[in-house]
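Q: this one's structure only:
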C-alpha cells in the first residue's frame, strides 16, 4: 500500500458491514489495511464495534493495534479476550511495548501473562517493568543485536540473522566486552561491506553515543535531535548494555514535551484531553481557574482602590480594559517566544539580560504605536484630550511591564529549576491586569489632583 | 565521545583562548568536539569570534556547522571565506543541504558555487532548487542507493559500497524498473542475510510507502509518525525515484509544526524568535497587537453602552474584570485542548458536536464552582448579596460562552481549511471580554430596573 493513496478512514464502511452482520467482508477489509490504519479505525469506532473488529485480528495485528489506541480503549479490548489470547498477543510485542501493556494490567492478570509467555522474554519484560515510564529505561527495548569484541564479521552477521525476526529496524550491531559493557557499534552498511573473516573490532566505531537507564526521556529526545540519531544503546550503572531506544519512540516524546509546555502555559493539566469525560475535564481545569480567581481578586482590589477616581469619571472604567487587555496580549507574545527559546536552548542565562532589555524596549515601542493610535481614535471620537494622553502613557507603561514580566517569569522559574512554562500565563496576565489598572487609574488620579482632568 | 559526559558548552573557554590569541589551543579543542557541539558554539559566540573559529574548521566540519546555525550567522560565516573555500565546504554537504545553502546565496555567487562543484552533484542540486522548501521535494536528498529489478544481491551490495561514503544512514536499497520508477525496497538486514547470487527481486518488499515531491512537509511528517518510518523514498509525477527523506529532517519539521500552532494561538508570526533584533520583533508583533486593539475597542464600547449603570454603582467596574478574565482563562484552556486534538487528528467533525456540548457543560460546572466561591467571598467582604448573585450568574454565563467559543472558533477555521490555531486566542479573548461585560453589566441593568439593586 502506498502512502499517497491512503484513505483517511474506513469507519463508515466498517460500521455498515458490522451492522449488516457481513463479518466476512469486515475480515477481508481488515486483511487489506496496514495495522496502523486498523489502529486508527479501532480507536474511532464505538466500543462494542471496536471489540468486534479486534476479535478478527490475528495476534500480530492485534498486538500492533493494542499499542495504537489509548489506555481506556486498550483496557476494553484486553478484557474482551481470554488470558490465553492475551498471552499470544503480548508474545508478538517487543519487550518495551509488552512491559507497557503488562504494567497496565491488574496484578493477577499481569502474573498470568508473564507466566504464559516465553521465559526469556518474561525476564526481559520484568527487568523493564522496574524503570519509570519517562526514563530511558522505560522507553528502551531489550531486543538488540550484540557480539563480543573478539567476534568476526561472519559472527556478527549470524547475530543479525538470529535477531532479524524479532527486531524491526536493526541499524547497528553493538560490541561488548566480556563483562557485557558496551564498547562500540558497527553500522549495518559497514558490516555488509566487510570480509566475513575480518575481526569485528577493526570496523567498530569505539565509544558510541549512549544513554543510561535513568536519563530523563526529554534529555534522550534532545540527544536524538542534536546528533540526528536513528537508535541509541542504553547502559546500566556499570556500563552494561541493557537495551536500545529507536527514533520512532522518541518522535512521540518530542511531540509530547512541546505540547506539555504549552499546556502548562495555558494553565492546563498535561493529562487533559479534548475527549476526556466532562467530570474529568472539570477536575483537571478547576484548580487553575481557582488560582486565576485569586489573581483576578487582586486585580479587582486595585480597581477598588481607585473607586473614587472612577466615580468622578466613569469613562475610565470603559477604557481600563483596553490597557489591561493589550498588556496581556503583549505579555503572551513575549512569554511564548521566551518559553520556546528556553526549550530549544537558544536562550541561556548568558543572553537572558539582553533578551529582557529587548523585550522591555519592544514593549515601549509597541506601546507607543498602539497607544498612539488608541489615543488618536479616542480623541477623534470626542474623548477629552487629557484622557487620550492618559491612555497613551498607561499603554506604554503596561506594555513595558508586559515585556519585563513575560520574560522574567519563565527565566526565574527556570533558574529555580521549575518548568518555565508552568501556569506562567496566569501570573503574567495577572501582572498586566494589575499593572494596567494601576498605571491607568493611578495616572488618572494624579491628573485629577493636578487639575488636568 | 559519550553523550552522558557531554559538556553543555565551551563558550567561555573558547572566548578566553581567542582573546589571549592562543589559536593552537582553540584548534586542539575544536578537534575534540562533535560537529554538533561546534555548531552550538559558533552559534553562541559573537560574530567576530565565530568567524575566527569557523576559519579553523576543515571543509567537512565547516559544512556541518553551516547547517547548524541560523540564516544570519550562516551569511556572516560564508562571507568570511573565499568562493573556493565555499565550494569545498558545499561539496561536503548532502544535496538537500547544499540546495538549502545555495538558495540563500546571491545569484552570482550561487552560480559560481554550482560551477565549482562536481558536475553530477551540481545537476542534482539544481533539480532540488526548484522544489518549495516546505514540500517533500524540498526536504529530500538526491543521494540514495538503488538497483534495477534484475540485479542480484551481490550487485545491490556493490551499490551500497559505492554509496556508503556519501550517504549517512543507508537503511534500504531501493529497486527500480527500467523507466526508473520505484517498485520496491530491500532493508539492509535482509540484504546482509541473503546469498550473493539471489535475484534481488526475491527479497524485495514490493510497493513500499512513498511520497511525491509536492507533498506538504507536514503530511510527510505525519506519515513518518504513523508508520514509524526511518526513511521514505520520494517519487516524481511519473513515479520515478528522485530522492529520499530521512527521519532526522522530519523530527525538526514535527517540532516546527507544533510550535507554529502555539505561536499562532498567541498571535505571533511563526518566524518570530526570542533572539530577533528589536526592530524585527516590533515589526512581527505589532500587526497582531493592532488587531487586538480593534477587538479591545469593541469590548470597551460594550462597557460604554452601560456607562449609566456603572455610574449608579461603581462597584460594578471593580468586579467586571473578574468576570471577563475568568472567561478568558477558561477559553484558553478549551482552545488549547481543542487545537491539540485537531492537530493529532483525535478530534474530527464526527465527534465535534459532543466535544462542543461537553465544553459548554464544563464551562457551566466550572462557572458554578468559581462563581459560587467568588460570590461567597464578596458577600463575606460585605458586598450586597444581589451583587454577589449577579457575579455568580455572569460568571456561569461567561464560562459557558468560553466553552462554546473556545471550541467553535478552531473548528470553524478548520472547516474552512484555515489553520485552526491562527490568532484564535485574540478572537476568543475578545469574545469572553465582550461576553463578560455584556452579561455582567446587562444583568446589573435588569436588576436595577427590577429594583433589586
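A: In hand now; what should we look at? Quick caveat, the model's predicted, so the values are computed rather than measured.
Q: got any ranges where the stretch 351-453 of chain A has weak pLDDT?
A: Within the stretch 351-453 of chain A, the stretches with pLDDT under 70 are A:421-423.
Q: which residues in it form helices?
A: A:352-380, A:385-415, A:424-449 (DSSP state H, counting those that start in this stretch).
Q: chain neighbours aside, what residue packs nearest to residue A:214?
A: Spatially, and ignoring its direct neighbours in sequence, residue A:214 is nearest to residue A:135 (5.4 Å; C-beta to C-beta, 6 or more residues apart in numbering or on different chains). For every residue, glycine as well, the C-beta is placed using N, CA and C.
Q: ok, back up a step: got the helices of the stretch 351-453 of chain A as JSON lines, with mean neighbour count and distance to residue B:181 columns?
A: Formatted as JSON lines, the entries for the helices of the stretch 351-453 of chain A read as follows, by neighbours: other C-beta atoms under 10 Å in any protein chain shown; distance: least, C-beta to C-beta, whole Å:
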{"stretch": "helix A:352-380", "mean neighbour count": "20", "distance to residue B:181": "52"}
{"stretch": "helix A:385-415", "mean neighbour count": "23", "distance to residue B:181": "52"}
{"stretch": "helix A:424-449", "mean neighbour count": "23", "distance to residue B:181": "52"}
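Q: nearest to chain B, of those helices?
A: Of all the helices of the stretch 351-453 of chain A, it is helix A:352-380 that lies closest to chain B, at 4.7 Å by C-beta to the nearest C-beta.
Q: surely residue A:340 and residue B:259 touch.
A: Yes - with contact taken as C-beta atoms under 8 Å, residue A:340 and residue B:259 are classed as touching, separated by 5.8 Å.
Q: before we move on, the earlier item: against residue B:131, how distant is the residue nearest to residue A:214?
A: Using C-beta to C-beta, to the nearest Å, we find residue A:135 at a distance of 40 Å from residue B:131.
Q: any idea of the pLDDT on residue A:58?
A: Each residue has a pLDDT score; the one for residue A:58 is 91.
Q: and the gap between it and residue A:92?
A: Using C-beta to C-beta, one obtains 9 Å as the distance from residue A:58 to residue A:92.
Q: what do you get for residue A:334?
A: According to C-beta to C-beta, residue A:334 stands 50 Å off from residue A:92.
Q: distance of the residue positioned nearest the centre of chain A from chain B?
A: Chain A has residue A:256 as the residue nearest its centroid, 1.5 Å off, counting by C-alpha atoms, centre = their mean. In this view, residue A:256 and chain B are 10 Å apart by C-beta to the nearest C-beta, to the nearest Å.
Q: that older thread, and residue A:58 and residue A:92? Which one has more around it.
A: Neighbours of residue A:58 and residue A:92, each counted by other C-beta atoms under 10 Å in any protein chain shown, are more numerous for residue A:92; the result is 18 against 12.
Q: and that one, how far from residue A:154?
A: Distance from residue A:92 to residue A:154, counting by C-beta to C-beta: 30 Å.
Q: for the residue nearest to residue A:214, what are phi and psi?
A: Backbone geometry at residue A:135, expressed as degrees, to the nearest 10, gives phi -110, psi 170.
Q: with the one 10 residues further on instead?
A: Taking degrees, to the nearest 10, you get phi -110, psi 120 for the backbone angles of residue A:145.
Q: give me the neighbour count for it.
A: For residue A:145, using other C-beta under 10 Å, the count is 25.
Q: which residues touch it?
A: Contacts were defined as C-beta atoms under 8 Å, 6 or more residues apart in numbering or on different chains; by that measure residue A:145 touches A:156, A:159-160, A:162-163, A:167, A:170, A:172-174.
Q: pLDDT wise, what is it at?
A: According to the per-residue confidence, residue A:145 scores 94 in pLDDT.
Q: report the beta-bridge partners for the residue nearest to residue A:214.
A: residue A:216 (DSSP bridges).
Q: could I get the pLDDT score of it?
A: On pLDDT, residue A:135 comes in at 91.
Q: surely residue A:223 and residue A:234 touch.
A: No - with contact taken as C-beta under 8 Å, residue A:223 and residue A:234 are classed as non-touching, separated by 11.6 Å.
Q: what do these two both touch?
A: Counting by C-beta under 8 Å, 6+ apart, the residues touching both residue A:223 and residue A:234 are residue A:211.
Q: where do the helices sit along the stretch 151-300 of chain A?
A: Secondary structure of the stretch 151-300 of chain A, counting by DSSP H, counting those that start in this stretch: helices at A:153-163, A:188-193, A:217-227, A:247-265, A:278-305.
Q: close to chain B, is stretch A:437-449?
A: Yes - using C-beta under 8 Å from any C-beta of the partner chain as the criterion, contacts between stretch A:437-449 and chain B involve residue A:437.
Q: circling back: rebuild the helices of the stretch 351-453 of chain A as TSV, extending it with distance to residue B:285.
A: Conversion of the helices of the stretch 351-453 of chain A to TSV gives the following (distance: least, C-beta to C-beta, whole Å):
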stretch	distance to residue B:285
helix A:352-380	6
helix A:385-415	10
helix A:424-449	15
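Q: not counting sequence-adjacent ones, nearest residue to residue A:128?
A: Residue nearest to residue A:128 in three dimensions, not counting chain neighbours: residue A:99, with 3.8 Å by C-beta to C-beta, 6+ apart.
Q: thought residue A:321 was touching residue B:296?
A: Yes - in this structure residue A:321 lies within contact range of residue B:296 using C-beta under 8 Å: 6.8 Å.
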